[in-house]
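Peer 1: here you go, sequence then predicted model.
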Amino acid sequence: MSMNLFQMTKPATRCYVLSIWIGIISGFVSALVKSGTEGIFPPRLVTEGAPPVLLLQNIGIDVTHWFYTYSEQIVYFGGNLVHIIFSIVWGVIYCFAAEIFPKIKMAQGLVFGLVVAILFHGIAMPVLGISTPVWDLRLQEIFSEVFGTALWIWIIEIMRRDLRNRFTKKADPEFQ
């Protein structure tokens with residue numbers, strides 16, 4: 001393969017509809033994985049609000065009534081819902097783009113994941129006022145977000161590759 005970052009696959013080898021379905025499935029599963037990493041490596045202090053909840057509050061949505069009871073525990077799902085939607089949207093973007101631009105899968109998607117992390121955690125969230133600037137983040141928060149984002153995109157990539165190959169019985173488009 002050449003070093004051209006914008007090298008494209010042959011249109012006849014692409015599976016657009018399948019890539020969207022795989023993006024939805026892998027995006028949902030990877031959102032659960034990302035939530036799990038935040039449970040093991042909490043990115044914020046207990047006293048800090050979660051950025052997805054702050055985002056919803058900033059646009060006037062009260063999520064204090066968005067909860068359910070599971071195993072006799074109250075679970076607030078407003079922030080999780082934002083994470084799941086975010087993950088599905090980016091899963092679809094990634095899987096769809098992987099059909100056209102194979103270089104997006106560099107390092108099993110880790111480069112793409114790092115770009116997404118920088119765009120959102122480094123730029124968009126501080127600009128929206130829902131997190132502190134990168135230079136003011138604690139080391140634990142940086143580690144949690146980088147580790148969680150790497151695992152998040154890696155799960156999307158391994159699911160993308162496996163499901164695509166299982167359904168099509170063919171290699172990825174750049175190998176056809």
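Peer 2: Good, I have the coordinates. Numbering: from 1, shown residues only.
Peer 1: how about the strands in this structure?
Peer 2: Secondary structure of the chain (DSSP state E): strands located at 67-70, 73-76.
Peer 1: by mean pLDDT, flag the weakest helix or strand of this protein.
Peer 2: Every helix and strand of the chain was ranked by mean pLDDT, DSSP states H and E. The lowest is strand 73-76, at a mean of 88.
Peer 1: against which helices or strands is that strand packed?
Peer 2: strand 67-70 (3 or more Cβ pairs under 8 Å, 6 or more residues apart in numbering; DSSP states H and E). Quick note: C-beta positions are derived from backbone N, CA and C, even for glycine.
Peer 1: now the strand it packs on - C-alpha only, PDB.
Peer 2: Taking Å, rounded to 0.1, in the frame of the first residue of the first chain, the C-alpha atoms of strand 67-70 are listed here in PDB:
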ATOM      1  CA  PHE A  67     -33.500   7.500  35.500                       C
ATOM      2  CA  TYR A  68     -34.600   3.900  36.000                       C
ATOM      3  CA  THR A  69     -34.200   1.400  38.800                       C
ATOM      4  CA  TYR A  70     -32.100  -1.600  38.200                       C
END
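Peer 1: would you agree residue 122 is in contact with residue 134?
Peer 2: Yes. Contact criterion Cβ atoms under 8 Å: residue 122 and residue 134 qualify, at 4.8 Å.
Peer 1: okay if I get the strands of the chain as CSV plus mean neighbour count?
Peer 2: Listed next are the strands of the chain as CSV, based on neighbours: other Cβ atoms under 10 Å:
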stretch, mean neighbour count
strand 67-70, 10
strand 73-76, 10
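Peer 1: of all these, which one comes closest to residue 146?
Peer 2: With Cβ to Cβ, the closest approach to residue 146 among the strands of the chain belongs to strand 73-76: 25.5 Å.
Peer 1: strands paired with that closest one, and their directions?
Peer 2: Partners of strand 73-76 in the sheet, by DSSP bridges, are strand 67-70 (antiparallel).
Peer 1: what's next to the strand it pairs with, contact-wise?
Peer 2: Contact with strand 67-70 is made by 74, 75, 76, 77, as judged by Cβ atoms under 8 Å, 6 or more residues apart in numbering.
Peer 1: quick one: residue 144 from residue 52, how far?
Peer 2: In this view, residue 144 and residue 52 are 15 Å apart by Cβ to Cβ, to the nearest Å.
Peer 1: next: residue 16.
Peer 2: Residue 16 is 29 Å from residue 52, by Cβ to Cβ.
Peer 1: with residue 143 instead?
Peer 2: 20 Å.
Peer 1: again with residue 61
Peer 2: To residue 52, residue 61 is 11 Å away according to Cβ to Cβ.
Peer 1: so for those two, which residues contact both of them?
Peer 2: Both residue 61 and residue 52 are in contact with residue 78, where contact means Cβ under 8 Å, 6+ apart.
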